[in-house]
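[1] need the 3D shape of this:
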Amino acid sequence: MAYKKTEQYEEKVTSGLIESYRSALDLLGEDPEREGLLKTPERVAKAMQYMTQGYQMDAKAILESAKFHEEVSEMVIVKDIELYSMCEHHMLPFFGKAHIAYIPNGWITGLSKLARVVDVYSRRLQVQERLTTQILEAIKESLNPMGVAVVVEAQHLCMMMRGVQKQNSVTTTSAFSGEFQKEATRSEFLKLISGKFN
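    Got it, this is the predicted structure:
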């Protein structure tokens, strides 16, 4: 086999989470020993570690691992980057897309690295507002561009499944630095990510 992807989990963390989820099932009135739930605590323990793997990742190191000197100064945009995260208030998912732009100042990075930066910060317990600014700050600090823009659009299950139960609401957050604080540059970016080129 030329390629094999494996997942690794820290045994101490996994076993502790398994016990916690087994206890949670019991407290909720379920029988952790019934057939359908026997492996659920282990599955959830592994899923939670996967969904919060961003704590073990370094966004700046990712960006700098594919950092290239280029004399370009035109806007670089990667839009519709899908993201999945978990609200830190209820530990319920929120999901959507991120749009990122930067104006190089002598340095560019691999396009996939921008998507990976989104994963670094979304794979943590989050609030969308902080997620947006963390993405911006990592790009700003690693590439020192003339400007960075980040827009995140997401739906939050904590609003859809519980509480106000609003099924069609979308939350949009944005962060801008440098050249993107200028109205003309910001407007060009927003126009490009909206797909309205007229």
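
[2] which residues of the chain fall in strands?
    With DSSP state E, the ranges of strands along the chain come out as 67-69, 76-87, 93-103, 107-109, 125-126, 147-156, 171-178.

[3] distance of Leu27 relative to Leu38?
    17 Å (CB to CB, to the nearest Å). Bear in mind the C-beta positions are built from the backbone N, C-alpha and C, glycine included.

[4] show me what contacts the residue nearest the centre of the chain?
    Centroid-nearest residue in the chain, with CA atoms, centre = their mean: Ser122, separated by 2.3 Å. For Ser122, the contacting residues are Gly54, Leu83, Tyr84, Ser85, Leu131, by CB atoms under 8 Å, 6 or more residues apart in numbering.

[5] returning to that earlier point: looking at Leu27 and Leu38, which one has more neighbours?
    In terms of neighbours (other CB atoms under 10 Å), Leu38 is the more surrounded of Leu27 and Leu38; the figures are 12 against 8.

[6] so who does the residue lying closest to Glu64 once chain neighbours are set aside touch?
    Spatially, and ignoring its direct neighbours in sequence, Glu64 is nearest to Ser142 (5.5 Å; CB to CB, 6 or more residues apart in numbering). If a contact means CB under 8 Å, 6+ apart, then Ser142 has Ala59, Lys60, Leu63, Glu64, Lys67, Thr109 as its contacts.

[7] including distance to Ser187 and mean pLDDT, could the strands of the chain go into JSON lines?
    Listed next are those as JSON lines, based on distance: least, CB to CB, whole Å; pLDDT from 0 to 100:
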{"stretch": "strand 67-69", "distance to Ser187": "29", "mean pLDDT": "96"}
{"stretch": "strand 76-87", "distance to Ser187": "14", "mean pLDDT": "98"}
{"stretch": "strand 93-103", "distance to Ser187": "12", "mean pLDDT": "98"}
{"stretch": "strand 107-109", "distance to Ser187": "23", "mean pLDDT": "97"}
{"stretch": "strand 125-126", "distance to Ser187": "28", "mean pLDDT": "98"}
{"stretch": "strand 147-156", "distance to Ser187": "11", "mean pLDDT": "98"}
{"stretch": "strand 171-178", "distance to Ser187": "11", "mean pLDDT": "98"}
